[in-house]
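Enquirer: Here is my input, please return the structure:
(chains A and B)
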Number of protein chains: 2
Amino acid sequence: MSQKTYVHGYSNRESVRLSDQAQTLTSLLHDDTRYSTGSHVLEAGCGIGAQTAILAKNSPGAYITSVDISTDSLLRAKSVTRKKKITNVSFLQGDIFHLPFENETFDHIFVCFVLEHLAEPLCALERLRPLLKRGGTITVIEGDHGSAFFHPDSRYAQQAIDCLVYLQRRIGGNALIGRQLYPLLADAGFGKVQVSPRMVYADASHPAMAEGFTRLTFTAMVEGVGDTALREGLISQQEWDQGIRDLYRTSERDGVFCYTFFKAIGTRT
Amino acid sequence: MSQKTYVHGYSNRESVRLSDQAQTLTSLLHDDTRYSTGSHVLEAGCGIGAQTAILAKNSPGAYITSVDISTDSLLRAKSVTRKKKITNVSFLQGDIFHLPFENETFDHIFVCFVLEHLAEPLCALERLRPLLKRGGTITVIEGDHGSAFFHPDSRYAQQAIDCLVYLQRRIGGNALIGRQLYPLLADAGFGKVQVSPRMVYADASHPAMAEGFTRLTFTAMVEGVGDTALREGLISQQEWDQGIRDLYRTSERDGVFCYTFFKAIGTRT
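Expert: All right, here's what the predicted structure looks like:
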């Protein structure tokens, strides 16, 4: 994925955020994905390897091929897996729309937080499908920023989130894609499509979620587009500051934050 | 609950809607509520008995006292339980803020789709708490119309929902109360408060949910305030019609509808 089409950017702070998020959400999103020993798995769009390390750990006997368009991200992903002594992953630079694999190469394909950044997610799924063996599965995980709601409610917080949704759309992405996984996979020709929503719910009885998700993941992600949103005049400095304060406010003693990821599985019939 | 403070009204169509909703959602909302034989349970705000019948069936050995402010609703509730040959429920007309029970009368209290209609939900919880024996539990279930999102997205559908939220607020209710259950129960003095979100997710692979919830429950409920919304000029006829069409549209082959209920349990410590 090229610099200009990845809304969150490639800074170090972004890398830290992605790692925090991966840890907090690992159970919720990944625990039911286990590939059998000897199976060949394509991770399409591995980024800096945040999900790769989890995949490889949960399926230690699978052969995982992780591809990304960004060579910088691949360098980081390689460094992550080397540090974690992961040996069942090969990395490859490539474009998800033109991957250099024969048809029916893989038993499974895994795509996580990738479609939201693509202008043509349906086309990407259609291009991936022939790479699966008959009976093989694709697993897709995406968030949906329109699923966020919180207490205390705040129109400024909503405006700040809307800036991220707008900026992501402007560079061809879709931050509301989670809700669309069922029709996307069905329209791309996959069979037996099953989607399960995975809600993150954080109140004061879940301090790890309030810290790891509400603050370090979601609010930090929204904050990441602040400079751009302000520079482009999408929102005033005062409204922005209030919105970010109000998002952090939802992680306090009487606050509540809800956000839903969607996990879809389809089969090449 | 008096006529003027119950936003959905008391028509026959509303009764049918409530029964459809109860059936579709029974499992999701009620299956983990089972009161032991011999326990005394207060159902505060039983309405026309849609939840009462489920409660009584799931806890056949418990003694259930169901109260409501509306004598009309109580008559219907009595008729429902009589038809279903339920014998472990007594009905009583009463105001949730001034119930005629001694302190520490009940082992458990159950409150479902009631707080959303009250101007002072915190006060209601504070009044109910002393009626529980020490160690007794309160269970509260509420929806949250701000949790609704769908595909295809539609600003007209959102406007129609906003009309319901506005009209409910104007008569003292709060259609966004689900997200607030944790702070409400904690602030009312209950201990060990645990809230679990229960998401209804409906796509074409879940036709019963698309029919029973998206169409017969949620969209029908929004439609129910159409006359009032139009009479009061909250929305134009054209926008309203489009909004309702767009809500029904989300139950079609490539549509998706999401809505979250919240179930909270607190203990009198």
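
Enquirer: after the helix or strand A:Leu184 falls within comes which helix or strand?
Expert: Assigned by DSSP states H and E, A:Leu184 belongs to helix A:181-187. Where DSSP H and E defines the elements, the next helix or strand beyond helix A:181-187 is strand A:191-202.

Enquirer: what residues does that next one touch?
Expert: Applying Cβ atoms under 8 Å, 6 or more residues apart in numbering or on different chains, the contact partners of strand A:191-202 are A:25, A:28-29, A:147, A:178, A:181-182, A:185-186, A:209-210, A:213-214, A:251, A:256-269, B:195-197, B:199, B:201, B:203, B:205, B:256, B:258, B:260. C-beta here means a position set from N, CA and C on the backbone, and glycine is covered the same way.

Enquirer: The residue nearest to A:Thr269 when sequence neighbours are not counted: neighbour count?
Expert: Using Cβ to Cβ, 6 or more residues apart in numbering or on different chains and skipping the chain neighbours, the partner closest in space to A:Thr269 is A:Gly191 (3.6 Å). A:Gly191 sits with 11 neighbouring residues when counted by other Cβ atoms under 10 Å in any protein chain shown.

Enquirer: Which residue or residues pair with A:Gly191 through a beta bridge?
Expert: Under DSSP bridges, the beta-bridge partners of A:Gly191 are A:Thr267.

Enquirer: Would you mind measuring from it to A:Thr267?
Expert: 5 Å (Cβ to Cβ, to the nearest Å).

Enquirer: any shared contact partners between these two?
Expert: With Cβ under 8 Å, 6+ apart as the test, A:Gly191 and A:Thr267 reach no residue in common.

Enquirer: quick one: the residue nearest to A:Thr269 from chain B, how far?
Expert: Distance, A:Gly191 to chain B, using Cβ to the nearest Cβ, to the nearest Å: 11 Å.

Enquirer: coming back round to it: put the buried members of the contacts of strand A:191-202 into a PyMOL selection.
Expert: With 16 or more other Cβ atoms under 10 Å in any protein chain shown as the burial test, the buried ones among the contacts of strand A:191-202 are selected in PyMOL as follows:
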select buried, (chain A and resi 25+29+147+178+181+182+185+186+209+210+213+214+251+256+257+258+259+260+261+262+263+264+265+266+267+268) or (chain B and resi 195+197+199+201+203+256+258+260)
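
Enquirer: Now tell me what touches the helix holding A:Leu184 from outside.
Expert: By Cβ under 8 Å, 6+ apart, helix A:181-187 touches A:115, A:121-122, A:125, A:138, A:140, A:142, A:177, A:193, A:195, A:262, A:264, A:266, B:151, B:203-205, B:254-256.

Enquirer: List phi and psi for A:Tyr35.
Expert: Per-residue torsions, A:Tyr35: phi -100, psi 140 (degrees, to the nearest 10).

Enquirer: So it is in contact with A:Ala56, correct?
Expert: No - with contact defined as Cβ atoms under 8 Å, A:Tyr35 does not count as touching A:Ala56 (9.9 Å).

Enquirer: which residues are in contact with both of the two?
Expert: Common neighbours of A:Tyr35 and A:Ala56, using Cβ under 8 Å, 6+ apart, are A:Ala62.

Enquirer: can you pull the buried residues of stretch A:148-156?
Expert: Buried, per 16+ other Cβ under 10 Å, within stretch A:148-156: A:148-151, A:154, A:156.

Enquirer: same for chain B: which of those residues are within range?
Expert: Filtering the buried residues of stretch A:148-156 for proximity to chain B by Cβ under 8 Å from any Cβ of the partner chain leaves A:149-151.

Enquirer: Which of those fall in strands?
Expert: A:149-151 (DSSP state E).

Enquirer: from those residues, which single one is nearest B:Gln237?
Expert: A:Phe149 (29.2 Å; Cβ to Cβ).

Enquirer: Look up the closest residue to the closest one, ignoring the ones flanking it.
Expert: B:Gly146 (5.0 Å).

Enquirer: show me the contacts for the spatially most central residue of chain A.
Expert: Nearest to the geometric centre of chain A sits A:Phe113, at 2.2 Å (Cα atoms, centre = their mean). Taking Cβ under 8 Å, 6+ apart, we find A:Phe113 in contact with A:45, A:47, A:51, A:141-143.

Enquirer: hang on, the earlier thing: could the buried residues of stretch A:148-156 be laid out in JSON lines, adding pLDDT?
Expert: As requested, these are arranged in JSON lines below (pLDDT from 0 to 100):
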{"residue": "A:Ala148", "pLDDT": "98"}
{"residue": "A:Phe149", "pLDDT": "98"}
{"residue": "A:Phe150", "pLDDT": "98"}
{"residue": "A:His151", "pLDDT": "98"}
{"residue": "A:Ser154", "pLDDT": "98"}
{"residue": "A:Tyr156", "pLDDT": "98"}
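
Enquirer: Which of the helices or strands spans the residue of chain A positioned farthest from its centre?
Expert: Distance from the C-alpha centroid of chain A peaks at A:Gln238, with 29.8 Å (Cα atoms, centre = their mean). Using DSSP H and E, the element containing A:Gln238 is helix A:237-249.

Enquirer: For that helix, which outside residues touch it?
Expert: For helix A:237-249, the surrounding residues in contact (Cβ under 8 Å, 6+ apart) are A:150, A:152, A:154, A:156-161, A:163, A:214-215, A:218-219, A:222-223, A:226, A:229-230, A:235, A:255.

Enquirer: 10 Å instead, please
Expert: With Cβ atoms under 10 Å, 6 or more residues apart in numbering or on different chains as the test, helix A:237-249 has contacts from A:148, A:150-163, A:214-215, A:218-220, A:222-223, A:225-227, A:229-230, A:234-236, A:255, A:257.

Enquirer: and the residues you listed, which of them are in helices?
Expert: Per DSSP state H, helices hold the following members of those: A:155-163, A:220, A:222-223, A:226-227, A:229-230.

Enquirer: So which bits of the stretch 101-250 of chain A are right by chain B?
Expert: A:144, A:146-153, A:176-184, A:186-187, A:192-206, A:250 (Cβ under 10 Å from any Cβ of the partner chain).

Enquirer: Fine by me, we can end here.
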